[in-house]
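Enquirer: just coords:
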């Protein structure tokens, strides 16, 4: 889904973007299990298959020249791969621990418990890590990036490749720093990370889909138990991914209100802070309300194809449709409830705002957890390829969801202790759709007061 072509800025000039990714939108009839990822044709990326792939010839693996490789055509049978590439590899973990201790003697202490140390470095348990390896294993075996040969002349194992990529995403450290901890070079870290991202983007998208109606009813029930809001389907929020750009690529389109060059990520989350829809690839200079309007999710809702489940009936026989909640930066719409903003609010309005905030903060906390877990999104990215950055953001969201889907838990302190978008002034969108105002009043009148709940 997503906007096709270019959008106009407020000045009337034409706004161009490099690439856009949306997941969680309307799925094709022939594939209800896969989330849709739409991108403008201008920036559309494909996973390249050169027709030939270099793989290690097992018969020459013991020679002194590891640069000698055997070629296998994509439509032919692959040559036999070394055993260490096919089976699970655990030696990399102990080598990594030893090297990290050697390089960071004065760094913050790593948990002494081995399982906690693993979570510290890679954000997941070993069980979840193994699951992630199973997702990308076939791609990393059949289409390994060229040149991934260790000092012994063998291809890096799948586990070590995944560990390199996940450490790069989790720490946000430079490729040189990550490579040093694994005994590989900067170019290897770059190749491994991008190959991992390509594979995850293709193979793991089923972890980020818009819920079917049965699952949505469960989400609504849990959100109502949490906040008291009837028919609430989730929370929406947006954050800036900050980057530096070469002078030749610098543009006012990418310069946001905080004078940073940035790209937006907008996410909608469920009651467990799982992303069920995202859009990214748009310049951070856009107002949040404009970002929403440019998204495919907005178009689906306006067309009656999203948030179109069963209505609830209030005590006054008024209909309450499905909706999500957002902050003041979003417009008030029939399917998007924002807080009341005025002085001397009535008690029912104050009650609504309190309950709306309880649900709304799920989106804020999800983005703080995302950027805390995958620090590459929190740190300033050094001259990223803007065509590839949306894929990096998407894969971090997929990893966030996989941790939840696997019933895994982050270590305490991983989530950002502060707001996910520090340094940015809060936007205030004054747009209020008349039908949205009626809907909000209906929900407000339906809510029990806190006093009634306590009694």
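Expert: Thanks, I have it. In this text the structure is predicted, and so the values were computed from the model without any measurement.
Enquirer: Let me see the contact set for residue 437.
Expert: For residue 437, the contact set (C-beta atoms under 8 Å, 6 or more residues apart in numbering) comprises residue 332. Any C-beta I mention is one placed from the backbone N, CA and C, and that applies to glycine too.
Enquirer: Could you report the distance from it to residue 336?
Expert: With distances taken as C-beta to C-beta, to the nearest Å, residue 437 is found 12 Å from residue 336.
Enquirer: quick one, phi/psi of residue 304?
Expert: phi 80, psi 20 (degrees, to the nearest 10).
Enquirer: Excluding chain neighbours, give the residue nearest to residue 180 in space.
Expert: Counting by C-beta to C-beta, 6 or more residues apart in numbering, residue 103 is the residue found nearest to residue 180 once chain neighbours are left out, at 6.1 Å.
Enquirer: Neighbours of the one you found, how many?
Expert: When neighbours are counted by other C-beta atoms under 10 Å, residue 103 registers 11.
Enquirer: I'd guessed it sits against residue 181; true?
Expert: Yes - with contact defined as C-beta atoms under 8 Å, residue 103 counts as touching residue 181 (6.2 Å).
Enquirer: could you point out where the chain is predicted with low confidence?
Expert: 1-20, 25-88, 106-108, 144-154, 247-250, 449-455 (pLDDT under 70).
Enquirer: Checking residue 273 next. Helix, strand or coil?
Expert: coil (DSSP: H, G, I helix; E, B strand; the rest coil).
Enquirer: So it versus residue 415, what's the distance?
Expert: Applying C-beta to C-beta to residue 273 and residue 415 gives a distance of 10 Å.
Enquirer: Check residue 199 too.
Expert: Residue 199 is 27 Å from residue 415, by C-beta to C-beta.
Enquirer: centroid residue for the chain?
Expert: residue 397 (2.1 Å; C-alpha atoms, centre = their mean).
Enquirer: That one: what's it in contact with?
Expert: Contacts of residue 397 (C-beta under 8 Å, 6+ apart): 23, 208, 265, 267, 275, 278, 370.
Enquirer: Checking it next. Helix, strand or coil?
Expert: helix.
Enquirer: how about the helices of the stretch 51-200 of the chain, start to end?
Expert: Along the stretch 51-200 of the chain, counting by DSSP state H, counting those that start in this stretch, helices occupy 83-86, 91-103, 114-122, 126-142, 158-171, 175-182, 186-203.
Enquirer: what's the distance between the closest residue to residue 166 other than its chain neighbours and residue 367?
Expert: Leaving aside its sequence neighbours, residue 166 sits nearest to residue 122 (C-beta to C-beta, 6+ apart; 4.9 Å). Distance check for residue 122 against residue 367: by C-beta to C-beta, it reads 21 Å.
Enquirer: higher neighbour count, the two?
Expert: Set residue 122 next to residue 367 and count neighbours by other C-beta under 10 Å: residue 367 wins out with 27 against 23.
Enquirer: Give the next helix or strand downstream of the helix or strand encompassing the more buried one.
Expert: Here residue 367 sits within helix 347-373, counting by DSSP states H and E. Counting by DSSP H and E, the element after helix 347-373 in chain order, helix or strand, is strand 381-382.
Enquirer: neighbouring contacts of that following strand?
Expert: With C-beta under 8 Å, 6+ apart, strand 381-382 has contacts from 174, 241-244, 389.
Enquirer: hang on, residue 419 packs against residue 371?
Expert: No - at 10.1 Å, residue 419 does not count as touching residue 371 under the criterion of C-beta under 8 Å.
Enquirer: Relative to residue 443, how far out is residue 372?
Expert: When C-beta to C-beta is the yardstick, residue 372 and residue 443 sit 32 Å from each other.
Enquirer: what about those two, which has more around it?
Expert: When residue 372 and residue 443 are compared for neighbours, residue 443 comes out ahead with 24 against 20, by other C-beta under 10 Å.
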